[in-house]
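Enquirer: Sequence first, then the predicted structure:
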Amino acid sequence: MQQPVVLIGVGEMGGVFAHGLLRAGHPVYPVTRDMDPAQAAASTPEPALVLVTVGEKDLHPVLADLPPAWADRVGLIQNELLPRDWEAHDLPQPTACAVWFEKKPGKPVNPIIASPAHGPNADLLVGALDAIGIGARKVEDYDEMLFELVRKNVYILTTNIAGLETGGTTGELWNHHRELAQQVADEVMDIQAWLTGAELDRERLVAGMAEAMLADPEHGNTGRSAPDRLARAIGYADEAGLEVLKLRALAKEHGAP
């Protein structure tokens, strides 16, 4: 019997990971919103992994309430994830995964490219996704994983924000509105550089973004989160003293909060 995995958040994405973990032989113990994490930790004090699959808005409240016994067993898969998110809660290096598949209600999983994972339980996550036919790969180097997290952020923020203007798909955005995509990506990378305190390989990030755009060219650009993502990006730009003129123009035109 494999060690159990605690799953905090049992939505669409959590369901995919639960399926993979069960297929790989790990008992899965869900923690829902109406459950007390401390009581759950008392009954399962030494899981192999505590995988947090809540949305990005709920991440910090969940980490703030995380029982100390689980602090060194955390796995994170959120969009817009960066080291500052776990560092804000004094957590040791978690297992982080940049998820490159989509799961919408009532629809099958839609893989785009292989999802990279890094950290103490990267092998566990890669094995779970492999068990259900979703491409994943282990990243050994911390700096390389930071690149992968930023790459995912540049992709999702650029497609969501530029898509407020263009609508359509990622393939159309890159093939027919590339100047807009590049403008938005440049300003997104300015923000990411400030958030990470790192010198970014911008050319490689744009190439990585384009690879994902064209791997699933029919993928829609925007969703309900797009206006909030734009507003959050501008909030970071305000803190950093960045102009981000294109982002501000799009916010004014499209009424982002």
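Expert: Cool, the structure landed. Residues are numbered from 1 along each chain as shown.

Enquirer: Quickly note the distance from the residue sitting nearest the centre point of the chain to Tyr155.
Expert: The centroid of the chain falls nearest to Asn79 when counting by Cα atoms, centre = their mean (2.4 Å). Note on Asn79: its distance to Tyr155, by Cβ to Cβ, to the nearest Å, is 10 Å. Where C-beta positions appear, they are placed from N, C-alpha and C, glycine not excepted.

Enquirer: Ala162 reaches Glu179, doesn't it?
Expert: No. Counting by Cβ atoms under 8 Å, Glu179 is not a contact partner of Ala162; they are 10.1 Å apart.

Enquirer: out of the two, which sits in the more crowded spot?
Expert: Shown here are Ala162 and Glu179; by other Cβ atoms under 10 Å, Ala162 has more neighbours (30 against 8).

Enquirer: pLDDT at that one, what is it?
Expert: Model confidence at Ala162, given as pLDDT, is 97.

Enquirer: Please identify which helix or strand holds it.
Expert: Following DSSP states H and E, one finds Ala162 within helix 142-166.

Enquirer: List the buried residues for the next helix or strand after that helix?
Expert: Per DSSP H and E, the first helix or strand lying C-terminal to helix 142-166 is helix 170-176. For helix 170-176, a neighbour-count test (16 or more other Cβ atoms under 10 Å) marks 170-174 as buried.

Enquirer: And for stretch 110-130?
Expert: For stretch 110-130, by 16+ other Cβ under 10 Å, it's 111-122, 124-130.

Enquirer: in the stretch 151-257 of the chain, which spans are helices?
Expert: 170-176, 178-196, 202-215, 226-240, 245-254 (DSSP state H, counting those that start in this stretch).

Enquirer: is it possible to export those to CSV including mean pLDDT and distance to Ala24?
Expert: Formatted as CSV, the helices of the stretch 151-257 of the chain follow (pLDDT from 0 to 100; distance: least, Cβ to Cβ, whole Å):
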stretch, mean pLDDT, distance to Ala24
helix 170-176, 98, 31
helix 178-196, 98, 32
helix 202-215, 98, 25
helix 226-240, 97, 32
helix 245-254, 95, 41
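
Enquirer: so which of the ones you listed comes closest to Gly55?
Expert: helix 226-240 (10.5 Å; Cβ to Cβ).

Enquirer: ok, Tyr236 touching Ile191?
Expert: Yes. Between Tyr236 and Ile191 there is a contact under Cβ under 8 Å: 5.0 Å.

Enquirer: Comparing these two, which shows the higher neighbour count?
Expert: Between Tyr236 and Ile191, Ile191 has the larger neighbour count (other Cβ under 10 Å), namely 23 against 16.

Enquirer: Who are the contact partners of the more buried one?
Expert: Ile191 is in contact with 233, 236-237, 240, 242, 244, counting by Cβ atoms under 8 Å, 6 or more residues apart in numbering.

Enquirer: Please convert those residues to TSV, extending it with distance to Val74.
Expert: Below are the contacts of Ile191 laid out as TSV (distance: Cβ to Cβ, whole Å):
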residue	distance to Val74
Ala233	25
Tyr236	24
Ala237	29
Ala240	27
Leu242	30
Val244	32
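
Enquirer: Distance check, the nearest residue to Glu243 once chain neighbours are set aside against Leu247.
Expert: In this structure, Glu243 finds its nearest non-sequential neighbour in Ala237, 7.6 Å apart by Cβ to Cβ, 6 or more residues apart in numbering. Distance of Ala237 to Leu247, computed by Cβ to Cβ: 7 Å.
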